[in-house]
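Asks: A predicted structure for the sequence below; I have some questions about it.
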Amino acid sequence: MSRNNEFRLRHMLGLMESHAEAVRTVTLATQIIDQQVSGIIEKHADAFEVVQQDELRLGADIQRRRSIAFLFLVAKTAFDLADDEAVDGIFDGGDDFGIDALYFDSPEDTELPITLIQGKYSSNLRGNSVFPENEVAKMINAVDALFDPQKPVNLNTRLNQRIEDIRSFVKDGAIP
């Protein structure tokens, strides 16, 4: 075997080992997140049931519960929220304009921080899962409607109120 071919073979083997390591890392991270989601379902079942049972349409569907628990995990991790704040910002369940979670604070020096979350939970990360294009379009429409007080929104009651709160802050001079 020539030195050039040997180099190529070693390079390809190195790439394959790197790919295998990346796959192991993704699999490990997925397993950890999946365990955390399961723990949230057990630990916070009452909060999800009492606060938003009807709106979130939880029922006995374990995938729905896992999806909501994943949103809870993302919100708590990304924004360092208390449990009740994280639950309160979750709207996933229909009539939600593609907004699965919405968090904002009161304006500070006319700045209004707003975070919209559209999430899809899957414990299968084999590369064949995709984020549906129509969900992206829904979120774009949601952002458009959020900042256009002329656009009527007919969403679930809690989300309607949040949108009206944001619109009011903007009307009073806050800048998102």
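Replies: In hand now; what should we look at?
Asks: Would you map the helices across this protein?
Replies: Taking DSSP state H to define them, one finds helices in the chain at 3-43, 45-56, 62-79, 83-88, 133-146, 157-171.
Asks: Roughly how far does residue 36 sit from residue 29?
Replies: When Cβ to Cβ, to the nearest Å is the yardstick, residue 36 and residue 29 sit 11 Å from each other. Any C-beta I mention is one placed from the backbone N, CA and C, and that applies to glycine too.
Asks: between the two, which one's more packed in?
Replies: With other Cβ atoms under 10 Å as the criterion, residue 36 and residue 29 differ in neighbour count, and residue 36 comes out ahead with 16 against 11.
Asks: Can you tell me the closest non-neighbouring residue to that one?
Replies: Distances taken as Cβ to Cβ, 6 or more residues apart in numbering place residue 73 nearest to residue 36, at 5.7 Å, with adjacent residues excluded.
Asks: Check residue 75 too.
Replies: Nearest-residue entry for residue 75: residue 86, 4.2 Å, with adjacent residues in sequence omitted and distances by Cβ to Cβ, 6+ apart.
Asks: Pull the contacting residues for the one you found.
Replies: 72, 75, 76, 79 (Cβ atoms under 8 Å, 6 or more residues apart in numbering).
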